[in-house]
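Trainee: would you be able to build a 3D model of this:
(chains A and B)
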Protein chains: 2
Amino acid sequence: MADKRRIAPASGAGLRLAKGEVLRIIDPEGEQVSDVVAYAADDLTERFSTGRTIDYAESIRVTTGGVLYSNWSRAMLTIVADTVGVHDLLLTPCSTEMFRILYGQENHPSCFENLAGALAEFGVGQELIAGALNVFMNVPVGPDGKVRVETPASKAGDYIELRAEMDLIVALTACSSEHTNNGRLKPIDFEVLAPDK
Amino acid sequence: MADKRRIAPASGAGLRLAKGEVLRIIDPEGEQVSDVVAYAADDLTERFSTGRTIDYAESIRVTTGGVLYSNWSRAMLTIVADTVGVHDLLLTPCSTEMFRILYGQENHPSCFENLAGALAEFGVGQELIAGALNVFMNVPVGPDGKVRVETPASKAGDYIELRAEMDLIVALTACSSEHTNNGRLKPIDFEVLAPDK
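Mentor: Numbers count the residues shown, from 1 in each chain, chains lettered A, B, ... in the order given. Next up, the predicted model:
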């Protein structure tokens, strides 16, 4: 098993994940979101698609057994463990513009910026960043279609495991939005488990 | 006022829309969906983003007064009229792969293919096609997160009007999925209204 790595609050990390390897994402303190994006290692225009994932799940919710699809409708990742079961596929990674537009905050750190920084070393341009699997993000949808951002359901030590179904480049964050993480920005831990764990 | 154009069943069309012009999309027979995508004319990597639109609407539903945002969080289009009020932002354009995976149908015509064909002449590659505003598509979300595709609420002559907030390249379809359009594929009409209509 690889060493556990820590993503500092309001920052991000990128990694290569080989087919069969499992990425475990851990919330070490609880109530902290991690935005996750993925790209096919051999074709960066093939990327995780929230829309295709909703199409095939026939649901806006995914948990253990659920498959994350690419824009070309191929399975990229399978959720093989999930101690929380509450994640979001609807909202985009928080960005400099979002903090300005929604909250009037200028130059706020953001998941978009942190994903872009983490992906740059792998040659993934920021124009290829779209929706993410927002791990541990709690976004109920009302009967009228209204979405609310509520406190993550994750407790200290909760985790999700994503098995790579193809060779991937993955980036993930410790989310930068106070609003999303119950008022306090915390770290996210991750480790890569070998295929035969 | 420009002439009205007709999109034949299971096909698509592309057009330039100048800032201030209004695209009226009409369902001439009723119960027919049109998938709509948009790109900034001066930078094709800036595109309509379903996720950013949901972020700023704080809702999965948009109707008159609603703004369609780009991936760079700029207003691309504003809904200035809407006689239906039921549209979808969650599901992606139907594709060859989707018909195979969900319905076991091979080589089925699709919105993705039709959008790609319509956009090619404007230099927009298919890797830039992601989510669409699925006009007239009726996709309720259950309390458990399950999505269902139901019969469009549109009647013959119903329409939506989208005002361009920047110079755009737009593509739209008459949707190819029997499942989505109550069993029969029908045309879609559209016209471009001058800024001072």
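Trainee: test my guess that residue A:188 contacts residue A:27.
Mentor: Yes: counting by C-beta atoms under 8 Å, residue A:188 touches residue A:27, with 6.6 Å between them. For the C-beta atoms, the positions are set from N, CA and C on the backbone; glycine is no exception.
Trainee: hey, what's in contact with both of the two?
Mentor: With contacts taken as C-beta atoms under 8 Å, 6 or more residues apart in numbering or on different chains, residue A:188 and residue A:27 have residue A:34 as neighbours in common.
Trainee: enumerate every residue touching the residue nearest in space to the middle of chain A.
Mentor: Nearest to the geometric centre of chain A sits residue A:36, at 2.2 Å (C-alpha atoms, centre = their mean). By C-beta under 8 Å, 6+ apart, the contact set of residue A:36 is A:25, A:48, A:132-135, A:162, A:170-172.
Trainee: rebuild these as TSV, extending it with neighbour count and distance to chain B.
Mentor: TSV is the format used below for the contacts of residue A:36 (neighbours: other C-beta atoms under 10 Å in any protein chain shown; distance: C-beta to the nearest C-beta, whole Å):
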residue	neighbour count	distance to chain B
A:25	21	20
A:48	24	11
A:132	28	9
A:133	25	12
A:134	27	10
A:135	29	16
A:162	28	19
A:170	27	19
A:171	27	16
A:172	27	17
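Trainee: dump those into CSV; add distance to residue B:114 and pLDDT as well.
Mentor: Converted to CSV, the contacts of residue A:36 look like this (distance: C-beta to C-beta, whole Å; pLDDT from 0 to 100):
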residue, distance to residue B:114, pLDDT
A:25, 38, 98
A:48, 24, 98
A:132, 28, 97
A:133, 29, 98
A:134, 31, 98
A:135, 34, 98
A:162, 33, 98
A:170, 32, 98
A:171, 32, 98
A:172, 35, 98
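Trainee: could you dump those residues to TSV with secondary structure?
Mentor: Shown next, in TSV, are the contacts of residue A:36 (DSSP: H, G, I helix; E, B strand; the rest coil):
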residue	secondary structure
A:25	strand
A:48	strand
A:132	coil
A:133	strand
A:134	strand
A:135	strand
A:162	strand
A:170	strand
A:171	strand
A:172	strand
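Trainee: next, the spatially closest residue to residue A:90 that is not a sequence neighbour: phi, psi?
Mentor: With sequence-adjacent residues excluded and distances taken as C-beta to C-beta, 6 or more residues apart in numbering or on different chains, residue A:90 is closest to residue B:54, at 5.5 Å. Torsion angles at residue B:54 (phi, psi; degrees, to the nearest 10) stand at phi -60, psi -40.
Trainee: pull out the buried positions in the lengthiest helix in chain A.
Mentor: Selection of the longest helix in chain A by residue count, based on DSSP state H, yields helix A:111-120. By neighbour count on 16 or more other C-beta atoms under 10 Å in any protein chain shown, the buried set for helix A:111-120 is A:111-119.
Trainee: and the gap between the residue in chain A sticking out farthest from the centre and chain B?
Mentor: Most distant residue from the mean C-alpha position of chain A: residue A:144, 26.2 Å away (C-alpha atoms, centre = their mean). Residue A:144 sits 7 Å away from chain B, going by C-beta to the nearest C-beta, to the nearest Å.
Trainee: residue A:90 against residue A:147, yeah?
Mentor: Yes: contact criterion C-beta under 8 Å: residue A:90 and residue A:147 qualify, at 6.2 Å.
Trainee: so what sits against both of those two?
Mentor: Both residue A:90 and residue A:147 are contacted by A:139, A:141, B:54, B:60, under the criterion C-beta under 8 Å, 6+ apart.
Trainee: reformat those residues as a markdown table; add secondary structure, neighbour count and distance to residue A:85.
Mentor: Converted to a markdown table, those look like this (DSSP: H, G, I helix; E, B strand; the rest coil; neighbours: other C-beta atoms under 10 Å in any protein chain shown; distance: C-beta to C-beta, whole Å):
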| residue | secondary structure | neighbour count | distance to residue A:85 |
| --- | --- | --- | --- |
| A:139 | coil | 20 | 13 |
| A:141 | strand | 22 | 16 |
| B:54 | helix | 25 | 21 |
| B:60 | coil | 23 | 20 |
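Trainee: tell me where chain A has helices.
Mentor: All helices of chain A, identified by DSSP H, fall at A:50-57, A:96-103, A:111-120.
Trainee: so what's the gap between the second one and the chain middle?
Mentor: When you say that, I think you mean helix A:96-103. Here helix A:96-103 shows a centroid-to-chain-centroid distance of 20 Å under the convention C-alpha atoms, centre = their mean, to the nearest Å.
Trainee: residues in chain A within reach of chain B, list them.
Mentor: With C-beta under 8 Å from any C-beta of the partner chain as the criterion, chain A meets chain B at residues A:45, A:49-52, A:54-56, A:58-61, A:71-73, A:90-92, A:95, A:97-98, A:101-102, A:127, A:129-131, A:141, A:143-148.
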